[in-house]
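Engineer: Please find the sequence and the predicted model below.
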Amino acid sequence: MRIVAQRSKKAHVTVDGKITGAIDHGLVLLVGITHEDTPADVSFCAKKVANLRIFDDAEGKMNLSVQQTGGQILSISQFTLYGNAKKGNRPNFMAAARPEFAKELYDSFNESLRQDHGLAVETGIFGAMMDVALTNDGPVTIIVESP
């Protein structure tokens, strides 16, 4: 599992001209699933994202998590995180999970953030063509990968 976590002041996702998810401050997550991922990877990544200390404390140091700041999550499925462009100029996506499998783990990841970590999670629509708009805060961007 591979996640690009971006600290955001404000973000939303649009599908077919309609906003399907929007947050004020928090994290925008681009979530990629590979065919080797398991529920253990989902749990690991959800816990890591929820506890990632990348928000400023009173002294301006990155020492607080999204949970501690009352932030929200905008989670976007993105199979292209497993694009491989090492050979040639056109990436292959062989490492990305099949949609049926990926959707199950993606939904489980979002549910874990909600249920296990008490976070408000907004999403796009799995498999849809989405427009994501965000005001990146910092910018701070961290990559989280399961072991």
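Structural biologist: That came in fine, so what should we check first?
Engineer: Bridged to the residue nearest the centre of the chain, which residues?
Structural biologist: Closest residue to the average C-alpha location of the chain: L29 at 2.1 Å, with CA atoms, centre = their mean. L29 has the following beta-bridge partners by DSSP bridges: A5, S75.
Engineer: Check the gap between it and V13 for me.
Structural biologist: As judged by CB to CB, to the nearest Å, L29 and V13 stand 11 Å apart. All C-beta spots, glycine's among them, are computed from the backbone N, C-alpha and C.
Engineer: which residues do these two both contact?
Structural biologist: L74, I76 (CB atoms under 8 Å, 6 or more residues apart in numbering).
Engineer: Just to confirm, what confidence does the model report for A58?
Structural biologist: On the pLDDT scale, A58 is placed at 96.
Engineer: Can you get me a residue count around it?
Structural biologist: 7 (other CB atoms under 10 Å).
Engineer: A11 contacts D137, correct?
Structural biologist: No: using CB atoms under 8 Å, A11 is not in contact with D137; the gap is 9.9 Å.
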